[in-house]
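Asker: Following is a predicted model, sequence given first.
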Amino acid sequence: MTDFAATRAQFHLPDGIIYLDGNSLGPLPKAAASRVAHAVTEEWGKLLITGWNKAGWMDQPIRLGNRIARLIGAAPGTVVLGDTLSVKVYQALASALEMNPARRVILSDTGNFPSDLYMAEGLCRTLGNGYVLKTVAPEEVEAAIDGTVAVTLITEVDYRTGRRHDMAAITAKAHATGALTVWDLAHSAGALPVDLAGTGADFAVGCTYKYLNSGPGGPAFIYLAPRHADVARPALSGWLGHEAPFAFDLTYRPGGGIERMRVGTPPVLQLAALEASLDIWDGVSMADVRTRSIELTEQFVREVEAACPALVLASPRDPARRGSQISFRHPEGYAIMQALIARGVIGDFRAPDILRFGFTPLYTTHADVTGAARALAEVMANTLWERPEYKMRARVT
């Protein structure tokens, strides 16, 4: 059994704060500051450029990718870190389209994160030649997969509502019709059990700064199914994806396996912070995480609905059909969230009317849930959100 009291003790959580926004930015692991400081002073400071070999910087993306692989149901040697999530989406999509050249349709859904859709739109414009992005309502994705679709681009857990797609069913339907799949695990990795190998997913991407707690700007990861390891050609053919980067050949030759999906120089300091977080994950069972997540989210729904009838549940009521977040709707959602944050409960807002709360069993407790529900009830009962300062939109919501 996972000891969640022990994992909570390994995070820096400010006094007086209930943090329910780890689905947007995870909190600071206590060991991260010293780990990054060591990388700065002992590695960069003393080893200088020899740190690439002596400190293992060049191997970080694969070594840490293997540790993430355990959390997403992937085999060792199939996950690599680097670049941003948008870059990894572009890589995966471009490779998948090239592997399915007779088709021109990327299928996604209207609930997908906009950046994923923007990358798909931009890729279609670049390719021309009839390539298009088709979007349907989230509940219509499986039915929309037909013989015209080259690749599906689906985020398993909806960033606004927490609605969860059925990865196994969608992947099976895609393969039955000759399509490939790209799964975005931004709100899945570290939040719930994922089985990329078992479901037969072709590509997957995800970020590390949410449930995996690598810090703001933390690197993204990409998964490539072993059966595609020597077939997928990286559209972004960066020098570190080359078969022999330090041969400095003028012609690109893709590296073997997942190495070919590397692009640029690894973000060494961010990877040091991620490594500190992954040390916490080493003793964690994803099955235990899922069980506790459902307990926490069910408690929150129950307590908020009992005390705040003006809030409308936007997340699926069935916990099996959602990730590790709960969303409520209200026309004054932004102001309500600012009033709540002012009272020490941090969630976030997503347009047009979503109050969003993330639940991370590694540090979220049942007492946190009760405290958050009580603070929200106070805000709603006393219309505290009506204060003008709570209605002034900040750049980040």
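Answerer: Structure's in. What do you need?
Asker: wait, what's in contact with G238?
Answerer: Residues near G238 by Cβ atoms under 8 Å, 6 or more residues apart in numbering: 262-264. No exception for glycine: its C-beta is placed from N, CA and C like everyone else's.
Asker: could I get the strand or helix carrying R374 in PDB with only the CA atoms?
Answerer: Counting by DSSP states H and E, the element that carries R374 is helix 366-381. Only the C-alpha atoms of helix 366-381 are listed here, as PDB (Å, rounded to 0.1, in the frame of the first residue of the first chain):
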ATOM      1  CA  HIS A 366      -9.500  14.300   3.000                       C
ATOM      2  CA  ALA A 367      -9.100  17.300   5.300                       C
ATOM      3  CA  ASP A 368      -8.000  19.400   2.400                       C
ATOM      4  CA  VAL A 369     -11.200  18.500   0.600                       C
ATOM      5  CA  THR A 370     -13.400  19.400   3.500                       C
ATOM      6  CA  GLY A 371     -11.600  22.700   4.000                       C
ATOM      7  CA  ALA A 372     -11.900  23.600   0.300                       C
ATOM      8  CA  ALA A 373     -15.600  22.700   0.200                       C
ATOM      9  CA  ARG A 374     -16.200  24.800   3.300                       C
ATOM     10  CA  ALA A 375     -14.300  27.800   1.900                       C
ATOM     11  CA  LEU A 376     -16.300  27.500  -1.400                       C
ATOM     12  CA  ALA A 377     -19.500  27.400   0.500                       C
ATOM     13  CA  GLU A 378     -18.600  30.600   2.400                       C
ATOM     14  CA  VAL A 379     -17.800  32.400  -0.800                       C
ATOM     15  CA  MET A 380     -21.100  31.300  -2.400                       C
ATOM     16  CA  ALA A 381     -23.300  31.900   0.600                       C
END
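Asker: average model confidence for that helix?
Answerer: In this model, helix 366-381 carries a mean pLDDT of 98.
Asker: list the buried ones in it?
Answerer: 368-369, 372-377, 379-380 (16 or more other Cβ atoms under 10 Å).
Asker: would you list those residues in TSV and tack on distance to D348?
Answerer: What follows is the buried residues of helix 366-381, written out as TSV (distance: Cβ to Cβ, whole Å):
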residue	distance to D348
D368	16
V369	17
A372	13
A373	17
R374	19
A375	15
L376	14
A377	19
V379	15
M380	17
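Asker: one step back: in strands only, show me the contacts of G238.
Answerer: Using DSSP state E, no member of the contacts of G238 sits in strands.
Asker: Narrow those residues to those that are buried.
Answerer: 262-263.
Asker: Tell me the one among the contacts of G238 nearest to P101.
Answerer: Distance to P101 across the contacts of G238 (Cβ to Cβ) is lowest for V263, with 22.8 Å.
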